[in-house]
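Engineer: predicted model, plus sequence, below.
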Amino acid sequence: MKILRTYIKENIGILSLGAIFLTLNTFATLAIPFQISNIINLGIMKKDIDMVYSTSIKMVIILIVGTATGIIANHFVALFATNFTKKNRKLLIRNLESLTVDQVNDFGVASLVTRMGNDNNNAQRLIVAFFQMILPSPIMAVISIFMTIKLSPTLALIPLFTILVFAFAIVLTLFKSLPYILKVQKKLDRMTLVLRERFIGAKIIRAFDNSKKERDKFNDVAQEYTDNYIIINKKFALLSPMAFALMSIVITLIIFFGAMKVLNNTLEIGSITAIVEYSLTTIAALIMSSMVLVQMPKAVVSIERIEEVLNVTSEIKDKEELKDNSYYEDILKQNPISLTFDNVCFRYKGAEKQILKNISFSVKAGERFAIVGATGSGKSTIAKVLLRLNDIESGRILINGVNALDLPLNCLRNQISYTPQKAYIFS
């Protein structure tokens, strides 16, 4: 979560504005029941029509302020969330471009696609959901209980007990669902991998009539992903009916005990209405937060998966004592470019044998040089080590007599035009 903490520090202004307007929106929402209580107690019961009119005008103003602050709060939250994912994608692309081929392969293309797309979307949804639905719930609960205690300390125990019961149910459900939630992204990686294999190998699959086999393979992976989500949804499905049942119980108990107090002249009728409204608003907010709470563990895992890529540093780096690029570019421009491989040896990560062994050749400016050999003999590898996509084990690669290891990577690669055999860039 380091990238999120860093981003919060860098954008504390936007986040603070969003939190301030969100708090104002919450206060405006909870001010309405209090005004309804005043209308009933001081206006209707005492037949004061002026009081009804003035309070109604106050409620309209509060409603307008609440709507405006809600819109502004959502704007700042959306701005904060989208800029976070935008920054992450830029950092991911920048870091991936600096990594070696082996380091990219360690993650796998399917996993990187998921991290770039789905994981970033999960992080964005977490931020929006947290500020719009999860964060307001405890604020509403605290303020509602405070206002209820102010109206009737005894009746305040009813919504307080209900909130604690429902909060416990949310925590228990989340705890039981956590193992399945943490598996979601890994299963999505697997599904993306199988789908990507199907697209890339479409011609071969058709040529060998393996469509049914590949379809069954994808269906099995997709079914695992679906089954995992069904288990999660089943566990969270109990929360909504439980919440609505608690709401009905709360309303019944508040009206019953509130009516007793009214008969004893210890509570006004309008106060009962306000207490019911506070309780319903709080429980409704908890229901909304419980519905999106399932996203939190998944989003936290997604952010950690993004961090995992960003924390990897390239195995190929410039030497610390190198000068500016312009210094080396001037050296290379003094003479026409020449290239020399001097006893170059290289083996891929984990391979037993060297793919390049004591390779030596020279190419002068204006010459054309062809490398011919069987598949897997190392033709493309020569281009990769020249570009320093992988570093050689021994020997030297000289450009105008300068060792490639002594050149900054940007300067080296600016001297070379490279078209891979697979059409990654060119159609």
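Structural biologist: That came through fine.
Engineer: where do the strands of the stretch 301-427 of the chain begin and end?
Structural biologist: For the stretch 301-427 of the chain, the strands defined by DSSP state E, counting those that start in this stretch occupy 339-346, 356-363, 394-399, 402-403.
Engineer: in this structure, where is pLDDT below threshold?
Structural biologist: Flagging of the chain using pLDDT under 70 yields the residue ranges 185, 294, 322-332, 334-335, 422-427.
Engineer: longest helix in it, please.
Structural biologist: helix 49-98 (DSSP state H).
Engineer: give me the distance from the helix or strand hosting residue 248 to the chain's centre.
Structural biologist: Residue 248 is part of helix 239-263 when elements are defined by DSSP states H and E. Computed by C-alpha atoms, centre = their mean, to the nearest Å, the chain-centroid distance of helix 239-263 equals 39 Å.
Engineer: C-terminal to it, what's the next element?
Structural biologist: Helix 239-263 is succeeded, C-terminally, by helix 269-293 (DSSP H and E).
Engineer: residues in contact with stretch 215-226: which ones?
Structural biologist: 184, 187, 188, 190, 191, 194, 195, 198 (C-beta atoms under 8 Å, 6 or more residues apart in numbering). Any C-beta I mention is one placed from the backbone N, CA and C, and that applies to glycine too.
Engineer: in JSON lines: the strands of the stretch 301-427 of the chain, plus distance to residue 44.
Structural biologist: Shown next, in JSON lines, are those (distance: least, C-beta to C-beta, whole Å):
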{"stretch": "strand 339-346", "distance to residue 44": "89"}
{"stretch": "strand 356-363", "distance to residue 44": "92"}
{"stretch": "strand 394-399", "distance to residue 44": "91"}
{"stretch": "strand 402-403", "distance to residue 44": "91"}
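Engineer: any chance of TSV for these, columns mean neighbour count and distance to residue 207?
Structural biologist: Output for these, formatted as TSV (neighbours: other C-beta atoms under 10 Å; distance: least, C-beta to C-beta, whole Å):
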stretch	mean neighbour count	distance to residue 207
strand 339-346	18	34
strand 356-363	15	33
strand 394-399	17	40
strand 402-403	14	47
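Engineer: centroid-nearest residue for the protein?
Structural biologist: Nearest residue to the geometric centre of the chain (C-alpha atoms, centre = their mean): residue 123, 1.6 Å.
Engineer: what's the helix or strand for it?
Structural biologist: Using DSSP H and E, residue 123 falls in helix 120-129.
Engineer: after that helix comes which helix or strand?
Structural biologist: Using DSSP H and E, the next helix or strand after helix 120-129 towards the C-terminus is helix 136-151.
Engineer: which other helices and strands does that following helix contact?
Structural biologist: helix 12-38, helix 157-200, helix 269-293 (3 or more C-beta pairs under 8 Å, 6 or more residues apart in numbering; DSSP states H and E).
Engineer: deepest of the ones you listed, which one?
Structural biologist: helix 269-293 (a mean of 21; mean count of other C-beta atoms under 10 Å).
Engineer: so how far is residue 246 from the nearest residue to residue 288 once chain neighbours are set aside?
Structural biologist: Leaving out its chain neighbours, the residue that sits closest to residue 288 by C-beta to C-beta, 6 or more residues apart in numbering is residue 133, at 4.7 Å. To residue 246, residue 133 is 18 Å away according to C-beta to C-beta, to the nearest Å.
Engineer: any idea what sits nearest residue 409, other than its immediate chain neighbours?
Structural biologist: Sequence neighbours aside, residue 318 is the residue nearest to residue 409 in space, at 5.8 Å (criterion: C-beta to C-beta, 6+ apart).
Engineer: and the one you found, how close does it get to residue 387?
Structural biologist: Distance from residue 318 to residue 387, by C-beta to C-beta: 14 Å.
Engineer: what is the neighbour count of residue 236?
Structural biologist: 17 (other C-beta atoms under 10 Å).
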